[in-house]
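> quick one: sequence plus predicted model below, questions after.
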Amino acid sequence: MSTPSDAAKQLQDKLENTKLHILDARADLKSYHFESLDDSTSGEGALSDPAIVASDVAAQILFLRKLKFQYLEQNAKDKYVKTIVSDDAPLITAASNEQIRLRNEEKKRNLKEEKLKLLEKQQDVRTLAPLVEEDYQKARSLTSLGTSLSAKILDAKLALTRLRQAHPQPRLTIATATATLDEQVAQMQALDDELQSSEKQMEETKQKIKAEMREVERLRGVEKEGIAELEHVGKEGGDEDPRLGKLYDWLQAALTAQRSLLSLESSRAESENELRLTYNIVSPFSKIPKELMLTLLFVPNTRQLASASARLDGVELDLGDTIYAPVQTNDIPTLVWSVYACVKEREARVVIS
């Protein structure tokens with residue numbers, strides 16, 4: 001029959017032969033190489049977020065507390081069993097218990113101090129965590145900005161390289177563009193001055209033409225008076241009147257003056273009812289005169305003007321109302337003056353433009 005001592009020995013043998021995982025875990029912990037751990041296994045985002053790190057630390061602390069409790073429990077059982085089955089069991093007295101109590105109190109006091117320090121550290125972590133998170137977000141945004149700027153810089157360099165290949169030397173620089181702009185401004189100023197001078201000359205030419213036309217109208221009136229006087233003298237004195245020579249000379253001089261004023265080169269009757277007047281258009285901006293041919297068609301056997309046309313160096317001119325209105329009123333002087341002035345003005349406008 002087994003005695004209590006035999007049962008205790010059997011329990012001790014069973015405990016010694018039993019493989020306790022906590023003892024193996026202690027040996028594995030001492031022999032484990034932590035430098036071989038890969039930080040990337042847990043994920044970059046998990047270790048970078050303070051909230052996730054705090055929850056992970058809390059879970060690990062809870063796990064270690066449970067592990068410590070299991071270790072203390074198993075260690076106490078082991079000591080208890082060894083004390084029971086041992087032949088020379090240590091003598092437990094009140095003094096040894098007092099020493100153990102004092103030692104435990106010292107450990108508790110140290111533990112309390114360490115806990116207070118730990119609480120302070122945790123409070124500091126809680127206080128600094130938002131600041132660290134803010135700095136982390138700033139650093140992350142700056143990193144993203146730097147990455148985007150680097151990409152933009154690379155794109156700009158690539159675009160610049162393509163532009164250089166597409167536009168080889170010599171290229172238009174800011175200095176050359178500014179110099180070209182200054183030259184163009186000077187040219188525009190010179191052209192503007194030339195335009196103003198041309199407009200001034202054109203205005204003076206218009207004034208001269210108006211004065212010449214007034215002189216022509218005056219000579220026309222004188223011509224009409226001379227013709228009337230000539231008809232009157234012819235009726236009274238016959239063909240032998242000596243005043244006819246003077247009137248003829250005066251009339252030729254008046255016609256010559258009129259032709260010079262209007263630049264009339266020739267007047268030719270192509271038929272009984274067609275008259276062609278040829279003028280030389282001399283522009284103040286050109287030394288080469290142009291030939292203006294004005295064709296007048298009359299109603300046969302009358303002095304009624306039927307139609308009119310104008311050609312400048314052989315090119316038909318479309319003058320519209322400039323010809324239509326005087327033809328309807330049978331106003332030949334106005335027709336000639338209007339066509340002549342219109343062509344001169346058109347030539348001046350073409351030269352200026």
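Now that the structure is in, tell me what you want to look at. Since the model is a prediction, treat every value here as computed from it, not as a measurement. Numbering: from 1, shown residues only.

> let me see the contact set for the residue nearest to Lys290 when sequence neighbours are not counted.
Counting by C-beta to C-beta, 6 or more residues apart in numbering, Ile281 is the residue found nearest to Lys290 once chain neighbours are left out, at 4.5 Å. Any C-beta I mention is one placed from the backbone N, CA and C, and that applies to glycine too. Ile281 is in contact with 263, 289-292, 312, 343-344, 347, counting by C-beta atoms under 8 Å, 6 or more residues apart in numbering.

> let me know the closest of these to Asp331.
Distances from Asp331 to these, taken as C-beta to C-beta, are shortest for Val343 (18.0 Å).

> who touches whichever helix or strand the closest one is part of?
Under DSSP states H and E, the secondary-structure element containing Val343 is helix 332-352. Counting contacts by C-beta under 8 Å, 6+ apart, the residues outside helix 332-352 that touch it are 195, 198-199, 202, 205, 209, 213, 216-217, 220, 262, 277, 279, 281, 283-286, 290, 292, 294, 296, 305, 308, 310, 312, 317, 319, 322-323, 326-327.

> how far is it from where the chain is centred?
49 Å (C-alpha atoms, centre = their mean, to the nearest Å).

> most neighbours, which of the contacts of Ile281?
Leu292 (23 neighbours; other C-beta atoms under 10 Å).

> next, the closest residue to it other than its chain neighbours: secondary structure please.
Spatial nearest neighbour of Leu292, chain neighbours left out: Tyr279 (4.3 Å); criterion: C-beta to C-beta, 6+ apart. For Tyr279, the secondary-structure state derived from DSSP: H, G, I helix; E, B strand; the rest coil is strand.

> ok, Tyr279 to Met293 distance?
Here Tyr279 is placed at a distance of 8 Å from Met293 (C-beta to C-beta, to the nearest Å).

> which one's more surrounded, those two?
Neighbour comparison, Tyr279 and Met293: the larger count goes to Tyr279, with 25 against 18 (by other C-beta under 10 Å).

> Tyr122: how many residues sit nearby?
Rather than Tyr, residue 122 is Gln. A total of 13 residues lie near Gln122 under the criterion other C-beta under 10 Å.

> show the residue spans covered by the strands in the stretch 201-350 of the chain.
When secondary structure is read from DSSP state E, counting those that start in this stretch, the stretch 201-350 of the chain shows strands at 264-271, 274-281, 290-298, 305-312, 315-316.

> was I right to think Arg311 contacts Leu292?
Yes - contact criterion C-beta atoms under 8 Å: Arg311 and Leu292 qualify, at 7.4 Å.

> select the longest helix from this protein.
Using DSSP state H to define each element, the chain has its longest helix at helix 94-166.

> state the mean pLDDT of it.
When the per-residue pLDDT values of helix 94-166 are averaged, the result is 90.

> for the nearest residue to Val299 once chain neighbours are set aside, list the residues it contacts.
Taking C-beta to C-beta, 6+ apart as the measure, Val299 lies nearest to Ala306, with 5.1 Å between them; neighbours along the chain are not counted. Each residue near Ala306 by C-beta under 8 Å, 6+ apart is listed here: 273, 297-299, 327.

> and Asn301, by the same measure?
Residues in contact with Asn301, defined by C-beta under 8 Å, 6+ apart, are 272-273.

> let me see the confidence value for it.
Taken from the predicted model, the pLDDT recorded for Asn301 is 80.

> and what of Leu297?
You'll see Leu297 listed with a pLDDT of 85.

> related to what we said a few turns ago, export the contacts of Ile281 as CSV, with columns for distance to Leu181 and pLDDT.
Conversion of the contacts of Ile281 to CSV gives the following (distance: C-beta to C-beta, whole Å; pLDDT from 0 to 100):
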residue, distance to Leu181, pLDDT
Ser263, 45, 63
Pro289, 41, 74
Lys290, 39, 78
Glu291, 45, 79
Leu292, 44, 80
Leu312, 40, 81
Val343, 40, 79
Lys344, 38, 77
Glu347, 34, 73
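
> nearest to Thr180 among the residues you listed?
When the contacts of Ile281 are compared against Thr180 (criterion: C-beta to C-beta), the nearest one is Glu347, at 34.0 Å.

> tell me how far that closest one lies from Asp318.
Per C-beta to C-beta, Glu347 is found 15 Å from Asp318.

> do Glu133 as well
Look at Glu133 and Asp318: by C-beta to C-beta, they are 86 Å apart.

> who has more neighbours, those two?
More crowded of Glu133 and Asp318, by other C-beta under 10 Å: Glu133, with 14 against 8.

> give me the spatial nearest neighbour of that one, chain neighbours excluded.
Here the nearest residue to Glu133 in space, its sequence neighbours aside, is Pro50; by C-beta to C-beta, 6+ apart that works out to 5.6 Å.

> quick one: the residue nearest to Leu292 and Pro289 touch, right?
No - using C-beta under 8 Å, Tyr279 is not in contact with Pro289; the gap is 9.3 Å.

> what's the local residue count around Leu296?
Other residues near Leu296 number 20, with proximity taken as other C-beta under 10 Å.

> any idea what it is bridged to?
Note on Leu296: beta-bridge partners Leu275, Ala308, judged by DSSP bridges.
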